[in-house]
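Engineer: Have a look; sequence and predicted model below, questions after that.
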2 protein chains.
Amino acid sequence: MSALDDLMAHQRETEALAQVLGRLGWDQETVMPRGSAEQRSEEMAALESVLHSRRTDPKVAEWLERAEAELSADDALNGARLHHIRRDHARAVKVPARLAAEIARVTSVAQGRWAEARAAEDVAAFVPVLDEVLTLKREEADAIAAGDAEGTTRDRYDTMLDDYEPGATAAQLDAMFGALRPRLVALRDRVMGAAYQPPELCRDFDEAGQMTLAAEVAGAFGYDFTRGRIDKAVHPFSSGSGDDVRITTRTSVSDPFNCLYSTIHEVGHACYEQGIDPAHRLTPLGRGVSMGVHESQSRIYENQLGRSAAYTGWLHGRMTELFGDLGVDDPDDFHGVVNRVGPGHIRTESDEVQYNLHVLLRFDLEREMVAGRLAPADLEEAWNTRFEADFGVPVPRPSLGCLQDVHWSVGLFGYFPTYTLGNVYAGCLHEALRRDLPDLDTHLAAGDPGPAVRWLNTHVQQYGALRAPRDTIAHACGRTPDEGPLLEYIEAKFARIYKL
Amino acid sequence: MSALDDLMAHQRETEALAQVLGRLGWDQETVMPRGSAEQRSEEMAALESVLHSRRTDPKVAEWLERAEAELSADDALNGARLHHIRRDHARAVKVPARLAAEIARVTSVAQGRWAEARAAEDVAAFVPVLDEVLTLKREEADAIAAGDAEGTTRDRYDTMLDDYEPGATAAQLDAMFGALRPRLVALRDRVMGAAYQPPELCRDFDEAGQMTLAAEVAGAFGYDFTRGRIDKAVHPFSSGSGDDVRITTRTSVSDPFNCLYSTIHEVGHACYEQGIDPAHRLTPLGRGVSMGVHESQSRIYENQLGRSAAYTGWLHGRMTELFGDLGVDDPDDFHGVVNRVGPGHIRTESDEVQYNLHVLLRFDLEREMVAGRLAPADLEEAWNTRFEADFGVPVPRPSLGCLQDVHWSVGLFGYFPTYTLGNVYAGCLHEALRRDLPDLDTHLAAGDPGPAVRWLNTHVQQYGALRAPRDTIAHACGRTPDEGPLLEYIEAKFARIYKL
């Protein structure tokens, strides 16, 4: 066997074990008995330790060196594979085993503390452990940033970003938010002040019926149930790659759109993973290339397709069949119901106009924390001040403020901006696919997003991690991605809904 | 850290990873999407490879040597732990990695072929792969038998047995079956020829109601739902140790006892695992000590307790409440319904009188195969001839004959006799607990097996693998186990039911 073969065989086993770890996570959130948590944490730690050993194995470095030397210049496929293995190995070996284990331990504790603190509306109970997490994550980032492949010391926050969005920098994201913010704020002001306001649905919706609709819509959006399943969980998520990609959703009697759009969102993530060329399965290319590109798929499924006027036209009829009279007769009104812009504190429940403003607040605050300019003890005040400035309403309690998201407790600093990056990418992809599919609305109006999701599979999903994130989007759209298409789409859509 | 500490830390991670492998098996049989099978086999192979490396790690041998040298003579707990690690390591290192991988691959294929052959009633389609499995398992046994710890070459079949029932020999089992057979055959003849025959239930039973009853009964038998769950699967099984022990069951509209007694049987297995002293969790003592002792728990829960006259008296009332009129009014008749002895080809559906005769047939045939005196090509004829001689009726088709059990396809030679050993052990335990609990029937008649299952926990389950299998039973019963109590129990029970 060549060094490349040896490396790929080793890597394939590592990828398979990583899938197993992901499956344990799924199990924990869906079917695990509650008394199994302590034993489970030990099982996961054992598997994580195996993975860490494999990723930092000195044999990997030797194989990499020989395989890179032997690689022919025109072998782009193996070049891309080696690039990922090199990158992951370089990151892994820079983090001392002690630090990696400490991060795993502390974030596990912190997630529990966060949940308790949120339930008790008690930020002070969360601050000490957040402080610990932040300190460890800064230490990790500094270890990775010191003397990287190019021999230069990188910015600490950029190093964190790089874990979720390879190649992205805070400077790029600053520019992105700089372009988005004024136009979104201006649009919100016009929408909130518009004479026309969409009605609200004031009735209950049978939860079994919601799950029936969710499964039907998931199938229409291309989710392959022979290689996946839908379960209920507290938080919707998608888990796994290749031939076993499972999603979760949740139901609320009074809000059928929570279940429906959570499902479509997770189906977008899942279709990306299920849709990767089977030749990449269990290779370094066999998963979504970045969080931003992943989010572009979930958001375009959910918003540009699922919340389009054509699709909600179909949905209006289907929901009436399933649930009886909705109390809203006009399809345009119903489109407004689904896309209602209102005051709200929760990011995940936000409309398309304000969503990225919620993300921006987190991006700014986490950079301050990472830079050491904002202490966790001062987070609540900083959050509340900023929120009121940005959204015009005070934060009544921490669960609607700085305790609403799990991310920081589990050490996900640098993750939030990938949500907005995903929206920007989705805007570009939507522009391109609408150009290629002029009669898409006819299909959407019949409840069939098939042509759009097939376009996304052909142009994005099948390639997995073959190209870098921005290159993946540029290759699909035939243009360098920027904020223009997203802004134009949102402005046109909400001007129509609010009759501006 | 001492060598003992190092070894125990290594072992603990190995045990945790083994739990993960078990969980993947549970997932596969209950919730896995059907299109995930190929990827799953790769995931399981990767984890098995990690486990094999850990079990054969030369570090283990070094630690063992030093830990054994340092062990104080009165440290029985660590002595028992080291005994298990020594034994598993000695077995593992004797099997070449190539052979272990080949067995894993071929048995995985063979299980699929067996299922297809059984569905098609085509033994010939199964023979070639059975031949492969048998050849590999013989090779494995010979590798293990050659020059074992005592420096002597052991019998090949005994080596196989040892994997499931440490210390058992074919000679012992021959004597056991020799004691059982004549009295069971004589009893069967009297029962089958009796003037009184119990009625049959001729109606359907709502499957949701069956699952409700199963859950209720599982709880009464001590199954801890906070550390377990019940799902439906094609085959009932119990999976996992410690704080995550899950069982499966199945329902049949026309036969409510299939669901009920499968559940109680698996609850017996599960309570053994859940009931082990938490101090043994994820140590070599933290699981049932042998298949025979495991089966003693499942069988005593199912038969001596669950099919007792006192308990079926309660069941008669409860099932009438749940399902309406059963068509059988007399509790003695109902006890007969539950314990009906009849002609039947399927081991797993057999009554207590004939069950061990089904096992004996398999024990004899598999020993002939392992010794090379019976070729897989001749298995069907040998099975059919023997079955007709033993049970008086011909085998109409292979799914009711030599293709009914999965065991040989997955390489489980030497496993079947542990079922009968479990029954013999259950007989001894039942004699002892009845002596200690003179008013047990009062509790059983109220649907409460609590005193009996607590006795079993105190005398057997809590110890896990602390003592050798026979010593475990002897310690619990205060006597050397033999066939007497089982035979006396069966003879008395069926004489009463059949009014002999």
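Structural biologist: Received, thanks.

Engineer: Counting by contacts, list what the one helix or strand A:Val109 maps to packs against.
Structural biologist: Using DSSP states H and E, A:Val109 falls within helix A:97-120. Here helix A:97-120 touches helix A:37-55, helix A:123-145, going by 3 or more C-beta pairs under 8 Å, 6 or more residues apart in numbering or on different chains; DSSP states H and E. For glycine as for every other residue, the C-beta is placed from the backbone atoms N, C-alpha and C.

Engineer: please redo it, this time with the cut-off set to 6 Å
Structural biologist: If contacts are counted by 3 or more C-beta pairs under 6 Å, 6 or more residues apart in numbering or on different chains; DSSP states H and E, helix A:97-120 sits against helix A:123-145.

Engineer: In CSV, could you pull the C-alpha coordinates for the helix or strand following the helix it packs on?
Structural biologist: Using DSSP H and E, the next helix or strand after helix A:123-145 towards the C-terminus is helix A:156-164. These are the backbone C-alpha positions of helix A:156-164, laid out as CSV (Å, rounded to 0.1, in the frame of the first residue of the first chain):
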residue,chain,number,x,y,z
ARG,A,156,-7.3,34.8,18.0
TYR,A,157,-10.9,35.3,16.9
ASP,A,158,-10.1,34.4,13.3
THR,A,159,-8.6,31.1,14.6
MET,A,160,-11.9,30.4,16.3
LEU,A,161,-13.9,31.3,13.2
ASP,A,162,-11.7,29.0,11.2
ASP,A,163,-13.0,26.0,13.0
TYR,A,164,-16.5,26.6,11.6
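
Engineer: The helix or strand that helix A:156-164 is followed by vs helix A:156-164, what angle?
Structural biologist: Reading on from helix A:156-164 to the C-terminus, the next helix or strand found by DSSP H and E is helix A:170-192. Counting by axes from the mean of the first three to the mean of the last three C-alpha atoms, to 10 degrees, helix A:170-192 lies at 80 degrees to helix A:156-164.

Engineer: what comes into contact with helix A:170-192?
Structural biologist: A:157-158, A:341, A:353, A:356, A:360, A:417, A:483, A:487, A:491, A:494, A:498, A:500 (C-beta atoms under 6 Å, 6 or more residues apart in numbering or on different chains).

Engineer: In terms of distance to A:Arg138, which of those residues ranks first?
Structural biologist: A:Tyr157 (9.7 Å; C-beta to C-beta).

Engineer: Give me the pLDDT value at that closest one.
Structural biologist: pLDDT recorded at A:Tyr157 is 97.

Engineer: Could you double-check that it sits in contact with A:Val370?
Structural biologist: Yes. Using C-beta atoms under 6 Å, A:Tyr157 is in contact with A:Val370, at 4.9 Å.

Engineer: Measure how buried A:Glu200 is and give me the count.
Structural biologist: 11 (other C-beta atoms under 10 Å in any protein chain shown).

Engineer: And it, how far from chain B?
Structural biologist: Distance of A:Glu200 to chain B, computed by C-beta to the nearest C-beta, to the nearest Å: 37 Å.

Engineer: what helix or strand does that residue sit in?
Structural biologist: For A:Glu200, there is no enclosing helix or strand under DSSP H and E.

Engineer: Now, the contacts of helix A:170-192 that are in strands?
Structural biologist: When DSSP state E is applied, the contacts of helix A:170-192 are split such that none fall in strands.

Engineer: Show me what counts as buried in the helix holding A:Val109.
Structural biologist: By neighbour count with 16 or more other C-beta atoms under 10 Å in any protein chain shown, helix A:97-120 contains the buried residues A:100, A:103-104, A:106-107, A:110-111, A:113-114, A:117-118.

Engineer: Quick check: A:Tyr415 vs A:Glu352, distance?
Structural biologist: Using C-beta to C-beta, to the nearest Å, one obtains 20 Å as the distance from A:Tyr415 to A:Glu352.

Engineer: so what's the residue most central in space within chain A closest to, chain neighbours aside?
Structural biologist: Nearest to the geometric centre of chain A sits A:Glu295, at 4.4 Å (C-alpha atoms, centre = their mean). Using C-beta to C-beta, 6 or more residues apart in numbering or on different chains and skipping the chain neighbours, the partner closest in space to A:Glu295 is A:Gly422 (2.4 Å).

Engineer: Over to A:Thr212?
Structural biologist: Closest residue to A:Thr212 apart from its sequence neighbours, by C-beta to C-beta, 6+ apart: A:Leu322 at 6.9 Å.

Engineer: A:Ala476 is in contact with A:His459, isn't it?
Structural biologist: Yes. Here A:Ala476 reaches A:His459: they are 3.8 Å apart, a contact under C-beta under 6 Å.

Engineer: And those two? Which one has more around it.
Structural biologist: Each of A:Ala476 and A:His459 has its neighbours counted (other C-beta under 10 Å); A:Ala476 has more, 24 against 19.

Engineer: can you count the residues close to the closest residue in space to A:Tyr463 that isn't next to it in sequence?
Structural biologist: Nearest residue to A:Tyr463, sequence neighbours excluded (C-beta to C-beta, 6+ apart): A:Thr472, at 6.6 Å. Residues contacting A:Thr472 under the criterion other C-beta under 10 Å number 25.

Engineer: so A:Thr472 is in which element?
Structural biologist: Secondary structure assigned from DSSP H and E places A:Thr472 in helix A:469-477.

Engineer: any idea how far the residue lying closest to A:Ala377 once chain neighbours are set aside lies from chain B?
Structural biologist: Spatial nearest neighbour of A:Ala377, chain neighbours left out: A:Val127 (5.3 Å); criterion: C-beta to C-beta, 6+ apart. Note on A:Val127: its distance to chain B, by C-beta to the nearest C-beta, is 32 Å.

Engineer: Is A:Val127 in contact with A:Asp378, as I believe?
Structural biologist: No. If you go by C-beta under 6 Å, A:Val127 and A:Asp378 don't touch, sitting 9.3 Å apart.

Engineer: Show me which of those two is the more surrounded one.
Structural biologist: Between A:Val127 and A:Asp378, counted using other C-beta under 10 Å, A:Val127 has the larger neighbour count: 18 against 13.

Engineer: circling back: so for A:Tyr157 and A:Val370, which residue has more residues nearby?
Structural biologist: Using other C-beta under 10 Å, the more surrounded residue of A:Tyr157 and A:Val370 is A:Tyr157, with 24 against 21.

Engineer: can you pull the contacts of the residue nearest to A:Leu437 when sequence neighbours are not counted?
Structural biologist: Nearest non-adjacent residue to A:Leu437, counting by C-beta to C-beta, 6+ apart: A:Pro451, 5.1 Å away. Counting by C-beta under 6 Å, 6+ apart, A:Pro451 makes contact with A:437, A:440, A:443.

Engineer: which residues sit in contact with the last one?
Structural biologist: Under the criterion of C-beta under 6 Å, 6+ apart, the contact list for A:His443 reads A:Pro451.
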